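Enquirer: coordinates for the following, if possible.
(one chain, ligands or ions: 1)
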Amino acid sequence: MSDSPPTSSSDRDATSDSKKAAARRRERSITAWLVGAVLLFALYTISRTPTVSEHPKDGGGITGPQLTPEMVPLVSGQEPLQVMFLKAGCPVCHTIPGIEGAQGREGPALRLGTTGPQRLADPKYKGKAQTVREYIVESIVNPGVYIVPGYPTHAMPRWYGQKLSAEALDQMAAYLEQLTEPSAAMP
Ligand code: HEC
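Expert: Numbers count the residues shown, from 1 in each chain. All right, here's what the predicted structure looks like:
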């Protein structure tokens with residue numbers, strides 16, 4: 001006759017399983033954090049370094065931060081979101097709620113849950129997007145289609161289509177789509 005009741009042993013299994021899962025999660029988030037910190041530092045350095053464009057026709061008249069394709073590695077879409085945005089360099093120019101270090105001011109804050117519908121409703125919008133999600137993807141791969149009023153026309157890089165996988169684009173767009181303007185109480 002066994003003296004240990006079966007319920008307690010299955011409880012123990014469940015606890016040790018969830019402990020393992022928690023440890024795995026912790027490990028993953030530490031890795032993501034480290035990668036993020038390194039990339040952030042790189043981006044900080046880039047954004048502080050005044051770059052002279054090697055292609056004056058692409059960058060003519062831009063005074064703000066610039067990214068050249070050589071500075072940006074391919075983004076596969078397998079990375080955590082935070083890493084995707086950092087690798088792509090979006091934080092250099094954009095404030096993105098929830099993305100550590102994304103406080104750029106060259107472009108509009110990315111809160112497309114609020115601004116997306118406004119862009120689509122703008123009579124000046126002549127793009128193909130029907131949904132906010134499509135608008136975001138279009139803004140990233142084909143930014144010339146619509147320039148957000150009040151922002152420079154050629155600042156947003158034109159080459160993201162070569163750097164972001166379809167998977168990465170999809171995930172980034174899904175994230176940006178659900179960000180909304182902060183309530184009046186927040187800064
Ligand atoms: C060098 C600066 C720069 C970088 C880097 C950059 N952007 Fe932009 N972005 C801009 C500017 C300026 C605008 C506004 C002018 C325009 O519409 O092109 C803009 C516009 C946008 C818009 C439209 C926003 C709206 O409110 O309608 C989206 C979406 C966007 N960027 C996403 C991204 C993402 C995602 C990345 C990274 C993959 C990125 N941007 C990288 C400068 C940048």
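
Enquirer: now the nearest residue to C93 once chain neighbours are set aside: how far from G144?
Expert: In this structure, C93 finds its nearest non-sequential neighbour in E106, 3.7 Å apart by C-beta to C-beta, 6 or more residues apart in numbering. All C-beta spots, glycine's among them, are computed from the backbone N, C-alpha and C. The spacing between E106 and G144, counted by C-beta to C-beta, to the nearest Å, is 16 Å.

Enquirer: ok, V132 next?
Expert: V132 sits 19 Å away from G144, going by C-beta to C-beta.

Enquirer: so these two - more neighbours on which side?
Expert: Between V132 and G144, counted using other C-beta atoms under 10 Å, V132 has the larger neighbour count: 21 against 11.

Enquirer: nearest residue to the more buried one other than its sequence neighbours?
Expert: In space, V132 is closest to G116, 3.3 Å off (C-beta to C-beta, 6+ apart).

Enquirer: for burial, what's the neighbour tally of the one you found?
Expert: Around G116 there are 24 residues (other C-beta under 10 Å).

Enquirer: other SSEs contacting the helix or strand containing it?
Expert: Assigned by DSSP states H and E, G116 falls within helix 112-121. On a contact count with 3 or more C-beta pairs under 8 Å, 6 or more residues apart in numbering; DSSP states H and E, helix 112-121 meets helix 132-141, helix 166-177.

Enquirer: give the buried residues for it.
Expert: L112, T115, G116, R119, L120 (16 or more other C-beta atoms under 10 Å).

Enquirer: now distance to the ligand and pLDDT too, for those residues, in TSV please.
Expert: As requested, the buried residues of helix 112-121 are exported to TSV (distance: C-beta to the nearest ligand atom, whole Å; pLDDT from 0 to 100):
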residue	distance to the ligand	pLDDT
L112	6	98
T115	4	98
G116	7	98
R119	5	98
L120	10	98
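
Enquirer: tell me which residue is most central in this structure.
Expert: F85 (3.3 Å; C-alpha atoms, centre = their mean).

Enquirer: in contact with the closest residue to that one other than its chain neighbours, which residues?
Expert: Leaving aside its sequence neighbours, F85 sits nearest to I99 (C-beta to C-beta, 6+ apart; 4.9 Å). Counting by C-beta atoms under 8 Å, 6 or more residues apart in numbering, I99 touches L81, Q82, F85, L86, C90, P91.

Enquirer: go on, A166?
Expert: Contacts of A166 by C-beta under 8 Å, 6+ apart are G77.

Enquirer: gap between it and A173?
Expert: From A166 to A173 the distance is 11 Å (C-beta to C-beta).
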